[in-house]
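# below: sequence and its predicted model.
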Amino acid sequence: MKIASFNINGTNARLPRLLEWLESHKPDIACLQEIKTISENFPVEVFQDAGWHCLVHGQKGFNGVAILSREPSQETQRGLPGDDTDEQARYLEADIAGIRVASIYLPNGNPQPGPKFDYKLAWMARLAAHAQSLLALGSPVVLAGDYNVIPHDDDIWDPRAMREDALRQPESRAHYQALLWQGWTDAVRSVHPRGGIWTFWDYQAGAWPRDHGFRIDHLLLSPAAADRLADADVDREIRGAEKASDHAPTWVSLR
DNA sequence: ATGCCTATGCGACATAGA
């Protein structure tokens, strides 16, 4: 059972690349972020014709998450609980083949300090509260998404880079670490404990050819899911394609 | 010290991303 997280940076701009990756790398479940479209305009028929079940939580212009799966999905949550005034489409959750799976697009938080950074930290606190309730299920849960957090200095090509950025602030890292202390396993970190794995390369300044990347896309496993961990990695070659997203697909394989 | 790119929206530049 291969579960992937992929920030596609725009559905319509990425559709051919996305379909190629689904066909060639064969995830069973693909959690998508930044679909950048309202749900009505997500090309559900295209994916259904290719054999995928679709759940979509979109909004106009920005954000938006979706879950594609080979087996049928039962939606369990749309939008992150804890703030009825939050209208940003950043969380979608479903039961698929006996596994609870979430697609997460955590707020970027720049510029910091400021209201966007405050929103990010508040969102992470809400995520922690909901994640705690998911752990109480005792069943396999995978929280897959773009967390917009660089967890460690060895998760970036140069620890001095991004120093003032919301993605590597101590507060952002502390909220991420709090999730791990709840009992979640960072799948890629577990398989590659020495770091040096990137999931994002900026479009600017030749970041991809220079391999100036960092790791912000994560798959967190509940204990029952971590017991089944077989492998985890990044499909980094996808980043080198024409019209690629600035993120690469990141995945975990469960027994 | 700054901008470098890319995608979207009723668009001819602004906003957001990370």
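Okay, I see it. Values in this document were obtained by computation on a predicted structure and should not be read as measured data. Numbers count the residues shown, from 1 in each chain, chains lettered A, B, ... in the order given.
# endpoints of stretch A:239-248, how far apart?
Its first and final residues considered, stretch A:239-248 spans 5 Å by CA to CA, to the nearest Å.
# buried set for that stretch?
Neighbour counts using 16 or more other CB atoms under 10 Å place A:239, A:244-248 of stretch A:239-248 among the buried residues. Using the backbone N, CA and C atoms, a C-beta is placed for each residue, glycine as well.
# same question, stretch A:34-43
By neighbour count with 16+ other CB under 10 Å, stretch A:34-43 contains the buried residues A:34-37, A:39, A:42-43.
# and which of those is nearest to A:L180?
Minimum distance to A:L180 across the buried residues of stretch A:34-43 is 24.4 Å, recorded for A:E34 (CB to CB).
# read off the pLDDT value for A:R78.
What the model reports for A:R78 is a pLDDT of 97.
# make sure it is actually in contact with A:H57.
Yes - taking CB atoms under 8 Å as the definition, A:R78 is a contact partner of A:H57 at 5.4 Å.
# can you classify A:T85 by secondary structure?
Secondary structure, DSSP: H, G, I helix; E, B strand; the rest coil: A:T85 is coil.
# pLDDT at it, what is it?
Confidence at A:T85, expressed as pLDDT, is 93.
# ok, how many other residues are close to it?
The number of residues packed near A:T85 is 4, by other CB atoms under 10 Å.
# return the backbone torsion pair for it.
phi -90, psi -10 (degrees, to the nearest 10).
# for A:T76, same thing?
The phi/psi pair for A:T76 (degrees, to the nearest 10) is phi -120, psi -20.
# measure it to A:V141 for me?
10 Å (CB to CB, to the nearest Å).
# hey, what's in contact with both of those two?
Residues touching both A:T76 and A:V141 by CB atoms under 8 Å, 6 or more residues apart in numbering: A:R100.
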